[in-house]
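# Structure here, sequence nowhere to be found:
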């Protein structure tokens with residue numbers, strides 16, 4: 001297994017605009033993988049190869065890169081930084097040993113840096129912080145370092161320090177000059193932090209006063225694994241300052257697959273899961289994880305795969321998850337951005353791409369042993385998509401094709417959700433924000449030449465009644481031959497909120513034959529589904545049929561369906577009907593200084609704050625209740641109030657009557673539509 005010690009895997013993760021793609025270019029160039037450094041502005045970087053990425057000058061999905069350096073094979077994943085694309089960036093942490101969190105020296109700690117640090121810690125990844133753009137004017141690096149230590153802990157310590165336009169090592173060097181702070185003091189802090197994890201080194205340090213950094217590799221890896229040390233490095237990626245030092249850190253200090261925490265595999269057993277130990281060994285049977293799925297116009301579905309155990313070879317037979325039939329891996333390669341590099345095999349610790357397998361899906365486990373059918377990685381917590389859009393094809397008849405294309409795009413992003421509303425009939429797609437959905441629409445237009453019509457999702461209002469009432473209707477139709485006849489008398493009563501629907505047959509004396517009662521119920525249910533006053537489903541209602549008439553020749557089921565439907569409509573109109581609206585539980589994660597603005601916004605949109613609680617340093621969770629109708633553009637409002645630093649989740653709480661003025665608007669709109 002000697003080759004495993006020569007593998008490094010890292011993900012560059014952090015806020016949009018922090019310089020991750022530029023840093024990736026500099027690393028590739030410094031390692032000799034590319035002849036010159038591309039720029040985001042010119043659109044010639046290795047990782048941002050998609051036309052939409054070039055036009056927007058932002059990464060929109062994760063890109064796999066690789067380079068060789070000092071005998072190492074380094075796999076590097078450049079991730080998008082906008083919070084809307086967390087479904088691409090956070091899953092990349094499942095494929096690597098080290099999360100390299102990039103922070104812009106001018107903008108400081110942003111939402112994605114916090115999210116990346118928290119997720120990497122929860123998943124047991126080693127963490128490294130890179131402070132980029134240290135050459136920007138007007139920055140206060142000592143203050144930023146203090147902010148990082150306050151937010152993420154005192155275990156965040158500088159591995160090097162800015163010095164006269166370059167950087168000065170603080171780990172291997174015990175003295176030297178820097179622009180701020182003492183190199184000797186930083187060196188001492190690093191060594192003390194590392195030796196703390198090993199009692200033998202603590203004793204040696206106390207006795208000898210120092211331990212050479214070259215002898216601290218094992219305790220350093222332990223400190224990184226346990227989160228006891230988070231190294232900080234300084235770079236100016238545009239000019240390449242600090243890049244050679246970052247390469248040296250990758251070579252000498254960052255873990256190989258054998259030194260990092262093992263992947264968190266579990267075996268499902270009924271409703272419980274038990275942890276499963278995975279051996280990082282190329283000679284064991286195969287266990288690999290699909291951490292991302294992409295579509296290629298020539299190769300179909302691509303699965304980006306991290307091999308955790310065994311050796312994945314071309315033409316081998318593998319199972320996808322719990323599927324009973326194996327599939328053949330005919331196409332195997334790795335990637336340098338969009339360039340495919342064919343390979344014959346990928347061993348434990350490596351990242352590869354499997355193509356042309358329709359069975360692949362995000363989070364699938366590939367294996368070659370039937371007993372591993374129920375293995376999976378522990379669930380990764382991702383933001384919940386709550387920003388909705390109703391989509392319809394511009395051309396009638398393209399509904400199925402649109403559904404298929406959207407399904408393909410949603411497969412590539414676990415933070416997109418597609419559903420067909422049974423209540424409103426709309427095709428709905430949910431994302432993490434306006435940018436997320438805007439990019440989805442751009443991809444529909446550019447990649448698939450699909451023109452669509454969009455509108456906000458319709459709110460799933462409900463109708464109900466406030467008091468008991470009765471209604472009847474006689475349906476009589478004569479067309480020359482056998483006619484239609486049915487008469488139904490109904491009584492409606494309100495049920496408690498959440499009571500649903502109840503149908504009672506109270507007919508006596510056979511005035512409506514028992515064989516026709518199901519037709520009455522069918523008509524009632526149809527009327528409830530269609531609504532009476534505003535076209536929304538009728539709920540929390542008890543309907544009793546107690547009288548009626550029939551004709552021995554002309555009474556048919558269709559007649560009683562129609563009579564029951566219209567009798568219910570008549571009864572409901574006399575039962576003080578009202579509209580109910582969905583009230584949702586809102587949970588907002590916001591910077592502490594924006595709590596007042598967020599609370600005020602909720603209050604001004606018919607909401608109420610039910611509590612606040614601490615989330616992380618500098619951030620609070622604001623919890624409240626609000627009508628769903630008032631939250632259609634909530635993320636846009638939050639972005640304006642918090643400079644894009646807030647996010648939220650929703651969950652249905654209950655239904656409440658809508659205000660009279662809103663009810664009148666909805667009823668009038670329905671009547672106008674019916675008249676048309």
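Arrived safely. The structure displayed is predicted, hence computed values, not measured ones.
# hang on, residue 189 in a strand?
No - counting by DSSP: H, G, I helix; E, B strand; the rest coil, residue 189 is not found in a strand; it is helix.
# Verify the contact between it and residue 159 for me.
No - at 10.7 Å, residue 189 and residue 159 do not qualify as touching, with contact defined as C-beta atoms under 8 Å. The way it works is simple: take the backbone N, C-alpha and C, and place the C-beta from them, glycine included.
# Between those two, tell me which one has more neighbours.
Neighbours per residue, other C-beta atoms under 10 Å: of residue 189 and residue 159, the larger number sits with residue 159, 25 against 16.
# residues contacting that one?
If a contact means C-beta atoms under 8 Å, 6 or more residues apart in numbering, then residue 159 has 169-171, 190, 231-233, 249, 253 as its contacts.
# Go again with 10 Å.
If you count contacts by C-beta atoms under 10 Å, 6 or more residues apart in numbering, residue 159 has them with 128-129, 167, 169-172, 186-187, 190, 229-234, 245-246, 248-249, 253.
# Longest strand of the protein, counting residues only.
Assignment by DSSP state E gives strand 577-591 as the longest strand of the chain.
# count of neighbours near residue 46?
By other C-beta under 10 Å, 23 other residues sit near residue 46.
# Apologies, that question was intended for residue 326.
Neighbourhood size, residue 326 [other C-beta under 10 Å]: 15.
# I'd say it and residue 315 touch.
No - contact criterion C-beta atoms under 10 Å: residue 326 and residue 315 do not qualify, at 11.9 Å.
# tell me which helix or strand of this structure sits lowest on mean pLDDT?
The weakest-scoring helix or strand in the chain, judged by mean pLDDT, DSSP states H and E, is strand 647-657 (a mean of 81).
# those strands in the stretch 151-300 of the chain, which residues are they?
Ranges of strands in the stretch 151-300 of the chain, per DSSP state E, counting those that start in this stretch, are 156-158, 160-163, 166-169, 230-234, 265-269, 272-276, 287-296, 300-309.
# returning to what we had before: neighbouring strands of the longest strand of the chain in the sheet, and parallel or not?
strand 462-465 (antiparallel), strand 619-627 (antiparallel), strand 647-657 (antiparallel) (DSSP bridges).
# for the last one, which positions count as buried?
Spelled out, that is strand 647-657. Within strand 647-657, the residues that count as buried by 16 or more other C-beta atoms under 10 Å are 647-648, 650, 655.
# what do you get for the second one?
Taking 16+ other C-beta under 10 Å as the neighbour-count basis, strand 619-627 is seen to contain the buried residues 619-622, 624-627.
# Show me which of those is closest to residue 225.
Taking C-beta to C-beta as the measure, residue 225 lies nearest residue 619 of these, at 26.7 Å.
# is that closest one in a bridge, and if so with what?
Bridge pairing for residue 619 - DSSP bridges - gives residue 591, residue 616.
# Next one: it from residue 288, what distance?
36 Å (C-beta to C-beta, to the nearest Å).
# Over to residue 437?
Taken as C-beta to C-beta, the span from residue 437 to residue 288 is 32 Å.
# who's more crowded, those two?
Of the pair residue 437 and residue 288, residue 288 is the one with more neighbours under other C-beta under 10 Å, namely 27 against 21.
# my read: that one touches residue 363, true?
No - Residue 288 is not in contact with residue 363 according to C-beta under 10 Å; the separation is 12.0 Å.
# Would you mark the buried spots in the helix or strand hosting residue 599?
Assessed by DSSP states H and E, residue 599 sits inside helix 595-604. Going by neighbour count (16+ other C-beta under 10 Å), the buried part of helix 595-604 is 595, 597-599, 601-602.
# which residues does the residue nearest the centre of the chain contact?
Nearest to the geometric centre of the chain sits residue 415, at 3.0 Å (C-alpha atoms, centre = their mean). Applying C-beta under 10 Å, 6+ apart to residue 415 gives the contacts 83-91, 382-385, 430-433, 436.
# Write the ChimeraX selection for whichever of these are buried.
Filtering the contacts of residue 415 down to the buried ones (16+ other C-beta under 10 Å) takes a single ChimeraX command:
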select :83,84,85,86,87,88,89,90,91,382,383,385,430,431,432,433,436
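# Tell me which residues touch residue 419, please.
Residue 419 touches 388, 410, 426-430, 457, counting by C-beta under 10 Å, 6+ apart.
# Strands - which of these land there?
With strands taken from DSSP E, the overlap with the contacts of residue 419 comprises 388, 427-430.
# For residue 400, state which of the residues you listed is nearest.
Using C-beta to C-beta, the ones in strands among the contacts of residue 419 come closest to residue 400 at residue 427, 10.6 Å.
# ok, now how distant is that closest one from residue 446?
Distance, residue 427 to residue 446, using C-beta to C-beta: 20 Å.
# ok, back up a step: would JSON lines of the buried residues of helix 595-604 with distance to residue 559 be doable?
Putting the buried residues of helix 595-604 into JSON lines (distance: C-beta to C-beta, whole Å) gives the following:
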{"residue": "595", "distance to residue 559": "62"}
{"residue": "597", "distance to residue 559": "60"}
{"residue": "598", "distance to residue 559": "57"}
{"residue": "599", "distance to residue 559": "57"}
{"residue": "601", "distance to residue 559": "54"}
{"residue": "602", "distance to residue 559": "52"}
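# export those residues to JSON lines and tack on distance to residue 298 and pLDDT?
As requested, the buried residues of helix 595-604 are arranged in JSON lines below (distance: C-beta to C-beta, whole Å; pLDDT from 0 to 100):
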{"residue": "595", "distance to residue 298": "51", "pLDDT": "93"}
{"residue": "597", "distance to residue 298": "49", "pLDDT": "94"}
{"residue": "598", "distance to residue 298": "47", "pLDDT": "94"}
{"residue": "599", "distance to residue 298": "52", "pLDDT": "95"}
{"residue": "601", "distance to residue 298": "48", "pLDDT": "95"}
{"residue": "602", "distance to residue 298": "49", "pLDDT": "95"}
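# Mind jotting down where the helices sit in the stretch 351-500 of the chain?
For the stretch 351-500 of the chain, applying DSSP state H, counting those that start in this stretch gives helices covering 399-411, 434-448.
# Pull out the buried positions in stretch 159-175.
Buried residues in stretch 159-175, defined by neighbour count with 16+ other C-beta under 10 Å: 159-163, 166-172, 174.
# nearest to residue 200, of the strands paired with strand 577-591?
Going by C-beta to C-beta, the one of the strands paired with strand 577-591 nearest residue 200 is strand 619-627, 39.6 Å.
# Give me the contacts around the helix or strand just after the closest one.
With elements assigned by DSSP H and E, the helix or strand that comes after strand 619-627 is helix 634-642. Helix 634-642 is contacted by residues 83-84, 111, 386-387, 431-436, 586, 588-591, 593-598, 600-602, 604-605, 607, 626, 628, 631, 633, 644-648, 650 when judged by C-beta under 10 Å, 6+ apart.
# Could you rerun that using 7 Å?
For helix 634-642, contacts defined as C-beta atoms under 7 Å, 6 or more residues apart in numbering pick out 387, 433-434, 590-591, 594, 597-598, 601, 646, 648.
# Dump these into JSON lines; add distance to residue 295 as well.
Below are these laid out as JSON lines (distance: C-beta to C-beta, whole Å):
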{"residue": "387", "distance to residue 295": "23"}
{"residue": "433", "distance to residue 295": "22"}
{"residue": "434", "distance to residue 295": "24"}
{"residue": "590", "distance to residue 295": "36"}
{"residue": "591", "distance to residue 295": "37"}
{"residue": "594", "distance to residue 295": "38"}
{"residue": "597", "distance to residue 295": "40"}
{"residue": "598", "distance to residue 295": "38"}
{"residue": "601", "distance to residue 295": "38"}
{"residue": "646", "distance to residue 295": "32"}
{"residue": "648", "distance to residue 295": "30"}
